[in-house]
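[1] Quick one: sequence plus predicted model below, questions after.
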Amino acid sequence: MELLVRYGTEEQKARWLTPLLEGKARSCFAMTEPQVASSDATNIESSIREEDEFYVINGHKWWISGILDPRCQLCVFMGKTDPHAPRHQQQSVLLVPMDTPGIKIIRPLTVYGLEDAPGGHGEVLFEQVRVPKQNMVLGPGRGFEIAQGRLAPGRIHHCMRLIGYSERALATTHLFSYQNIAQSRVEIEQARLLVLKAAHVMDVAGNKAAALDIAMIKMVAPSMASRVIDRAIQVSAFGAAGLSNDFPLAQFFAGARALRFADGPDEVHRAAVAKMELKRGL
């Protein structure tokens, strides 16, 4: 939704943003590809070529969150319109209705053997998918810019959810270890304050000014949640049941671990923080 708010035309907002805001539709973002290191969006290989009044899409995508949800009506697709342009101007973003012919879901993907229903993550083929030219967002060559603008709020949403996971996990940790309870509470509050600071900078100065803060919370929150949830599984009232799908801890743990990859792996954010810190110190 942030993508449409920031970059969509009035026609695109009327067509898609209103039903999304009302909860009548869902969307997904198709960037990651199995054949390239998609943590760098400039590596994507899916093609977008012009043909009369249409763009024609061909590509292989996976880890497309939410595409399996029956309510998903819109796929935001990122591909290359000009592989010969400067590196960060080769990519473009198209709004693709999910009922467009040529979209083929290959399979659902699991996270550590767990299914993320009902939305799920899908592996998808786009074969000769024809989309009207007015479905282009901003214009050809603006895809990398759009992706960066979309990922910043996405990352802070992840971190807020991880704090919620951690709170729920801590609520189960009440049998044995005062030390574990204390350590988890401290780590949750440290992450919460960092997330609140990032949100404040985004509100008052914008996403670009908050780049350092966003990178830091994306480094901190998934690892914090993994530790808190792991302690909860170890000492909760559930015993071995905490490893099962009978309770939410296993799903929380898998989700927190997966988010060390999603929207940029830890290593990318560490490198970004280090570069910004060194640049600031010069």
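    That came through fine. Note that this is a predicted model, so its numbers are computed, not measured. Residues are numbered from 1 along each chain as shown.
[2] what's the average pLDDT for stretch 194-207?
    Across stretch 194-207, pLDDT averages out at 93.
[3] which residues touch that stretch?
    In this structure, residues lying in contact with stretch 194-207 by C-beta atoms under 8 Å, 6 or more residues apart in numbering are 149, 152-153, 156, 159-160, 163, 209-210, 213-214, 216-217, 220-221. In this view, the C-beta of every residue, glycine as well, is placed from N, C-alpha and C.
[4] Now it: buried residues?
    L194, V195, A198, A199, V201, M202, N207 (16 or more other C-beta atoms under 10 Å).
[5] Farthest pair within the residues you listed?
    Pairwise distances across these (C-beta to C-beta) peak at 16.3 Å, for the pair L194 and N207.
[6] could the buried residues of stretch 194-207 go into TSV alongside distance to V235?
    Formatted as TSV, the buried residues of stretch 194-207 follow (distance: C-beta to C-beta, whole Å):
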residue	distance to V235
L194	26
V195	26
A198	31
A199	32
V201	36
M202	36
N207	39
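[7] So which of those residues belong to strands?
    Residues of those located in strands (DSSP state E): none.
[8] quick check, nearest of those residues to Y178?
    Using C-beta to C-beta, the buried residues of stretch 194-207 come closest to Y178 at L194, 25.1 Å.
[9] between the buried residues of stretch 194-207, which is closest to V76?
    Of all the buried residues of stretch 194-207, N207 has the smallest distance to V76: 17.5 Å, by C-beta to C-beta.
[10] what secondary structure does F126 sit in?
    In three-state terms, and counting by DSSP: H, G, I helix; E, B strand; the rest coil, F126 is strand.
[11] Going forward, the N-terminal residue is numbered 165.
    All set: I'll call the first residue 165, so the last point we hit is now F290.
[12] so how many other residues sit close to it?
    24 (other C-beta atoms under 10 Å).
[13] If it is in a bridge, with which residues?
    Listed beta-bridge partners, F290: G223, I267 (assigned using DSSP bridges).
[14] Surely it and G223 touch.
    Yes: F290 lies in contact with G223 (C-beta atoms under 8 Å); the separation is 4.8 Å.
[15] Walk me through the domains of this structure.
    Split into domains by automatic domain parsing, the chain comes to 166-302, 308-445.
[16] Could you tell me the least trusted of those?
    Lowest mean pLDDT of the domains of the chain: domain 308-445, a mean of 88.
[17] What separation do you get for E291 and A346?
    Noted for E291: a distance of 55 Å to A346, by C-beta to C-beta, to the nearest Å.
[18] the more surrounded of the two?
    E291 (13 against 10).
[19] Tell me who's in contact with the residue nearest to that one when sequence neighbours are not counted.
    Once flanking residues are discounted, E291 sits nearest to G266: 4.8 Å by C-beta to C-beta, 6 or more residues apart in numbering. Going by C-beta under 8 Å, 6+ apart, G266 touches I221, F290, E291, Q292, V293, R294.
[20] could you redo those as a markdown table and give each row distance to L168?
    What follows is the contacts of G266, written out as a markdown table (distance: C-beta to C-beta, whole Å):
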| residue | distance to L168 |
| --- | --- |
| I221 | 19 |
| F290 | 20 |
| E291 | 26 |
| Q292 | 26 |
| V293 | 20 |
| R294 | 21 |
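[21] which of these lies closest to L258?
    Among those, I221 lies closest to L258 (C-beta to C-beta), at 6.8 Å.
[22] show me what contacts that closest one?
    Residues in contact with I221 (C-beta under 8 Å, 6+ apart) are 210-212, 241, 243, 258, 260, 266, 290, 292-295.
[23] Give the helix, strand or coil label for the closest residue to it other than its chain neighbours.
    Leaving out its chain neighbours, the residue that sits closest to I221 by C-beta to C-beta, 6+ apart is V293, at 4.1 Å. Counting by three-state DSSP, the backbone at V293 sits in strand.
[24] how about the strands of the protein, start to end?
    Under the criterion DSSP E, strands of the chain are mapped to 190-194, 211-215, 218-229, 236-244, 255-261, 267-273, 285-296.
[25] Overlap in contacts, F290 and G223.
    Residues within reach of F290 and of G223 at once, by C-beta under 8 Å, 6+ apart, are A194, S210, F241.
[26] May I have the beta-bridge partners of the closest residue to A422 other than its chain neighbours?
    If the residues on either side of it in the chain are set aside, A422 comes closest to V275, at 4.9 Å by C-beta to C-beta, 6+ apart. Here V275 sits in beta bridges with L278, going by DSSP bridges.
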